[in-house]
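[1] Make a model of this:
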Amino acid sequence: MHAALNILLLVAVVGFVTAAARRIGWNEPLALDWGSVVKPYHQAVVSAIRASDPDNVIILGTPTWSQGIDQAQRDAMAAALEKAGKKGSSIHVYPDAGHGFHADYRSSYNEADAKDGWARMLAHFKANGVV
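    Here you go, the predicted model:
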């Protein structure tokens, strides 16, 4: 019976999302502010879901289809590095680089940022005895 309920729920959710996308253009990046709009929305949705199922897997995105994941995680990653005592590590964000910016076969390839990122990674590896 549990599997049948999951299938019914999936059909209902797909139907809702499809109708919403047709009616209001849902799932289009709107360049909304992470801290004042998107994050509070996510927190409210997660709280509502967790009230019913604390173990449910929840996938949340950013205003740019999760291409700007640094917005959501930068502070948490920096805090984790500091807590772990990783003083030689750093987080560098390339604001003009899109998803797949290091893949030279994609239209999103950003040569300057890709080369800089590669050089930074090699320098970090060398400084920490990896290469």
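[2] After the host helix or strand of Leu9, which helix or strand is next? Please name it.
    Using DSSP states H and E, Leu9 sits within helix 2-24. Going down the chain from helix 2-24, the next helix or strand is helix 39-52, by DSSP H and E.
[3] Quick one: name whatever helix or strand follows that next one.
    Next element after helix 39-52 (DSSP H and E): helix 69-83.
[4] tilt between that following helix and helix 39-52?
    Counting by axes from the mean of the first three to the mean of the last three Cα atoms, to 10 degrees, helix 69-83 lies at 70 degrees to helix 39-52.
[5] Which is the succeeding secondary structure element to helix 69-83?
    helix 111-127.
[6] pLDDT averaged over that next one, what's the number?
    Taken as a whole, helix 111-127 has a mean pLDDT of 91.
[7] where does this protein dip in pLDDT?
    Residue ranges of the chain with pLDDT under 70: 1-5, 20-21, 23-31, 62-72.
[8] make it 90
    Scanning the chain for pLDDT under 90 picks out 1-82, 84-109, 124-131.
[9] Need the contact partners of stretch 40-51.
    Outside of stretch 40-51, the residues within contact range by Cβ atoms under 8 Å, 6 or more residues apart in numbering are Asn56, Ile58, Leu60. All C-beta atoms are positioned from the backbone trio N, CA, C, and that covers glycine.
[10] can you pull the buried residues of that stretch?
    Neighbour-count burial for stretch 40-51 flags His42 (criterion: 16 or more other Cβ atoms under 10 Å).
[11] can you list the domains in the protein?
    Domain assignment for the chain by automatic domain parsing gives 1-28, 31-85, 92-131.
[12] Need the distance between the two termini of the last one.
    Criterion Cα to Cα, to the nearest Å; first-to-last residue distance in domain 92-131 is 20 Å.
[13] Would you mind listing the buried residues in it?
    Buried residues in domain 92-131, counting neighbours by 16+ other Cβ under 10 Å, are found at Ala97, Phe101, His102, Asn110, Asp113, Ala114, Gly117.
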